[in-house]
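Participant: task: produce atomic coordinates for the following.
(chains A and B)
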Amino acid sequence: MNRTRGDYAFNTLNYAFLTLLGFATVFPFLNLLAISLNDTLDTMRGGIYLLPRKWTLLNYEIIFRENGLLMAGVRSVIRTVLGTVLGLFCTTLLAYALSRKEFFLRKQLNAVLVLTMYINGGLIPTYLLIRNLHLMNHFAVYILPLLISVYNVIIMRSYFEQLPDGIIESAKIDGASDYQVLFRIVLQISLPVLSTIALFIAVMHWNSWFDNYLYASRNQNLSLLQYTLQKVLIQSANEIVSDNGHANIQAIRNNPESIRAAITMVVTLPILFVYPFLQKYFVKGITIGAMKE
Amino acid sequence: MADTAKSLVPSQTEVDRRHPRRRRGLGALIASQHQLLVMSVPFVLIVILFSYVPLWGWIMAFQKYTLGKGIMHSPFVGLDNFKLLFKDEQFYHVLRNTLVMGVLNLVVSFVGAIALALLLNEVRARFFKRTIQTITYIPHFVSWVVIANIVTQLLSPDGGTLNQILVQLGILNDPYYFMSNPKLFWLIHTIANLWKEVGWNTIIYLAILGGLNPEHYEAAEVDGASRWAKMRYISIPGLMPTAVLLLIISVGWIIQSGYESQFLLGNAMTIDYSEVLDLYALRYSQQLGDYSYGVAISMFKSVVSVLMVLGVNYLARRTNQSRLL
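Facilitator: Numbering: from 1, shown residues only, chains lettered A, B, ... in the order given. Predicted coordinates:
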């Protein structure tokens, strides 16, 4: 109402700053997109910012024709879908059981789970465990260790706990089993938290590469998209430092930037398509989980 | 008939609620809750397998472990590995890197997220606000592999965008190879982290700001308070309790703060400043085959981390009534 000059200045600066920040966030992605759509040789001349100079889809054609990369993409999709379906299912069952106040092991199991957030064996002992379980170079190593994320269980449990008790109680009095309560009642009114957790799990699977590097790098048939990209990246970094610590500009040239950009776009785009639709859900899901803990 | 049944049911459940175990025994309890058990116990067992069983491996830290002999047959060497560790100059380098990057990340992302939340909170145009939020959440969902790729490309001496801009503005004469300067690694790493997570970290603060009593703002407006005054005396004090709590919690986690970003952004030239505890342990185990030393490092890290978390919790409990665990 009473707009002072200070308020006006503040507003202008605020909008300007936030616009700049937004631009600084999107720019690298748009830049990569432009580079990936630009002619490989032309890119080396530099100066590509937001628009390609010589439009081409050749870079994408090259990487899709590369058989290894295509298969890595297929495996990444399989891992993500399988990991998300199994992970969501197991997380839901566990979170529901732990949200039931009458469950006699509730406190003990909760304690076992929460403690893992504070104590863990560390990287090397876990590596040796995976070896001893004969999970090395086996597809299961992507799914099994990540099946349950305690953080996700806590978020979902908190959500179930704040559902109105009356619906569940009355269903129980009518003789419904826990399975029926969960699948017929609780899940019907839990879309926000289910989509939040599904998104979290899917993103985690899609993005992970370290388990690929550590546990399955020997088996070419298990290579995933992220790891393939990481290898391309490391390869260029190593070539650069090859001659005694001095940057070897020529080496960077051997690794076409446009091709790298195209791979990066393929790795990134699926996420950009999925997540904006789920935004209102995950904001709610996260807030409930964080407030409770 | 119906009346007696109705009056019977509540009395029965009431007794059960008061003395569930004494009245029915453990067997009956298991029988009546077997569905909940099936839903939970198998998954907790999986968590135990992957989170607790590795603790058994800590024994290796006191052995001269070889893959061939395994834990059962490797000879014990007492505290030799730890003695070696505490004399190892490289270990202190790596510990320093871990702590410095942890603290830098914590401070910068804490201040950044609160500042951004306060600024977003002042925006009246809802579409603009939501657009900026949506945009700044993006990098959180993008893998570190991609982020590292972006950073490398942006800073590349060969056509990297930052170099091109700096050269065109005349600030630099020749392109500079930022990623090869170890002194710049902490800075680059911190900025990359801030860029990736700052939007995401505002979610919780925006939720709190949205939940503050609007009457305070209205009263301040009637009194003619400026934007700054409202931020200074209403928004910031409203955020503080949660912010301090979150800050205290994260102090306990400093030493645990990941290794992916350092692995991906670092290279052979920056290793003195980029290597963190986990990566050092991994390098020792993989390249030298000395798993015992690697486990000793892992164990050191876990123990220090638990002590820090507990210490911080103790402090928080003494200063604040609310429990953090």
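
Participant: when you work out contacts or count neighbours from here on, use the C-alpha atoms and nothing else.
Facilitator: Fine.

Participant: now the helices for the stretch 51-200 of chain A?
Facilitator: In the stretch 51-200 of chain A, the helices defined using DSSP state H, counting those that start in this stretch lie at A:58-65, A:67-99, A:106-115, A:123-132, A:140-143, A:150-161, A:165-173, A:178-180, A:191-207.

Participant: what's the burial count for B:Ile208?
Facilitator: Counted with other CA atoms under 10 Å in any protein chain shown, the neighbours of B:Ile208 add up to 18.

Participant: CSV please, covering the helices of the stretch 51-200 of chain A and showing mean pLDDT and distance to chain B.
Facilitator: Formatted as CSV, the helices of the stretch 51-200 of chain A follow (pLDDT from 0 to 100; distance: least, CA to the nearest CA, whole Å):
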stretch, mean pLDDT, distance to chain B
helix A:58-65, 84, 16
helix A:67-99, 93, 5
helix A:106-115, 92, 7
helix A:123-132, 90, 5
helix A:140-143, 95, 11
helix A:150-161, 90, 8
helix A:165-173, 86, 9
helix A:178-180, 91, 6
helix A:191-207, 91, 5
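
Participant: in CSV: the ones you listed, plus mean neighbour count and distance to B:Ile234.
Facilitator: Below are the helices of the stretch 51-200 of chain A laid out as CSV (neighbours: other CA atoms under 10 Å in any protein chain shown; distance: least, CA to CA, whole Å):
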stretch, mean neighbour count, distance to B:Ile234
helix A:58-65, 16, 52
helix A:67-99, 20, 36
helix A:106-115, 15, 35
helix A:123-132, 19, 45
helix A:140-143, 18, 47
helix A:150-161, 22, 29
helix A:165-173, 13, 36
helix A:178-180, 16, 46
helix A:191-207, 22, 31
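
Participant: nearest to B:Gly57, of those helices?
Facilitator: Comparing the helices of the stretch 51-200 of chain A against B:Gly57 with CA to CA, the closest turns out to be helix A:123-132 (5.2 Å).

Participant: which elements pack onto that closest one?
Facilitator: Packed against helix A:123-132, as judged by 3 or more CA pairs under 8 Å, 6 or more residues apart in numbering or on different chains; DSSP states H and E, are the following elements: helix A:210-215, helix B:53-56, helix B:277-288, helix B:291-319.

Participant: what sits against the closest residue to B:Thr136 other than its chain neighbours?
Facilitator: The spatial neighbour of B:Thr136 that comes closest, neighbours along the chain excluded (CA to CA, 6 or more residues apart in numbering or on different chains), is B:Gly199 at 4.6 Å. Applying CA atoms under 8 Å, 6 or more residues apart in numbering or on different chains, we find B:Gly199 in contact with B:113, B:116, B:133, B:136-137, B:140.

Participant: go with 10 Å
Facilitator: Going by CA atoms under 10 Å, 6 or more residues apart in numbering or on different chains, B:Gly199 touches A:22, A:25, B:109, B:112-113, B:116-117, B:132-140.

Participant: that one sits in which helix or strand?
Facilitator: Taking DSSP states H and E as the definition, B:Gly199 sits inside helix B:185-211.

Participant: stretch A:17-28 and chain B, are they touching?
Facilitator: Yes - with CA under 10 Å from any CA of the partner chain as the measure, stretch A:17-28 is seen reaching chain B through A:17-26, A:28.

Participant: tally of neighbours for the nearest residue in space to B:Tyr205 that is not next to it in sequence?
Facilitator: In space, B:Tyr205 comes closest to B:Ala117 once its chain neighbours are excluded; the distance is 6.2 Å by CA to CA, 6+ apart. Residues near B:Ala117, counting by other CA under 10 Å, number 24.

Participant: now B:Ala117: how far from chain A?
Facilitator: Relative to chain A, B:Ala117 is positioned 11 Å away (criterion: CA to the nearest CA, to the nearest Å).

Participant: ok, B:Leu194 next?
Facilitator: 11 Å.

Participant: wait, isn't that residue in contact with B:Val108?
Facilitator: Yes - taking CA atoms under 10 Å as the definition, B:Leu194 is a contact partner of B:Val108 at 7.0 Å.

Participant: give me the pLDDT value at residue 25.
Facilitator: Picking chain A for this. Note for A:Thr25: predicted pLDDT of 94.

Participant: meant chain B, my bad for not saying
Facilitator: For B:Gly25, the predicted pLDDT is 81.

Participant: quick one: what helix or strand has it in it?
Facilitator: Since the elements are taken from DSSP H and E, B:Gly25 ends up inside helix B:20-32.

Participant: got a list of what A:Ile130 touches?
Facilitator: Taking CA under 10 Å, 6+ apart as the contact definition, A:Ile130 lies against A:124, A:136-137, A:141, A:145, A:215, B:50, B:54.
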